[in-house]
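# predicted model, plus sequence, below.
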Amino acid sequence: KKYLLGADRAIQIIKQHNIKVAYLKQNSPSCGYGEVYNGKFENKKIIRNGIFAEKIKDLGIKIINI
């Protein structure tokens, strides 16, 4: 629930400032784009977007992994 709350708060800021590009932490379960760690501390990745990355992708924000 806290990940979702944080994502929603960040989206409010994105909209207020008309942000078009986001630099997000690669592989993060929250910010990863395309591939993320599975969340079980096994050093294994799965093909999907993190919670926040998925939400801003739907807004049309360009995502760059760092």
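Great, that's in hand. Numbers count the residues shown, from 1 in each chain.
# strands of this protein, start to end?
21-24, 35-37, 45-47, 62-65 (DSSP state E).
# the second one packs against which elements?
So that's strand 35-37. strand 45-47 (3 or more Cβ pairs under 8 Å, 6 or more residues apart in numbering; DSSP states H and E). Just so you know, the C-beta spots here come from the backbone N, C-alpha and C atoms, and that holds for glycine as well.
# return the most buried member of the strands of the chain.
strand 35-37 (a mean of 17; mean count of other Cβ atoms under 10 Å).
# let me know the pLDDT of P29.
We have a pLDDT of 88 for P29.
# same question for K40.
Reported pLDDT for K40: 86.
# where in the chain is pLDDT low?
Residue ranges of the chain with pLDDT under 70: none are present.
# just to revisit the earlier point, format the strands of the chain as CSV; extra columns: distance to A53.
Shown next, in CSV, are these (distance: least, Cβ to Cβ, whole Å):
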stretch, distance to A53
strand 21-24, 6
strand 35-37, 8
strand 45-47, 13
strand 62-65, 6
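# of all those, which one is nearest K1?
Across the strands of the chain, K1 has its closest neighbour in strand 35-37 (18.4 Å, Cβ to Cβ).
# now the closest one, how far from the centre of its chain.
The chain centre lies 11 Å from the centre of strand 35-37; the measure is Cα atoms, centre = their mean, to the nearest Å.
# stretch 5-19 now?
12 Å.
# neighbours of the residue nearest to K44 when sequence neighbours are not counted, just the number please.
Distances taken as Cβ to Cβ, 6 or more residues apart in numbering place N38 nearest to K44, at 4.9 Å, with adjacent residues excluded. Neighbour count of N38, defined by other Cβ atoms under 10 Å: 12.
# was I right about N38 contacting I46?
Yes - at 5.1 Å, N38 and I46 qualify as touching, with contact defined as Cβ atoms under 8 Å.
# buried stuff in stretch 42-62?
49-53, 55-56, 61 (16 or more other Cβ atoms under 10 Å).
# burial measure for I13, as a count.
I13 - counted by other Cβ under 10 Å - has 9 other residues nearby.
# apart from its chain neighbours, what residue comes closest to it?
Nearest non-adjacent residue to I13, counting by Cβ to Cβ, 6+ apart: I19, 7.7 Å away.
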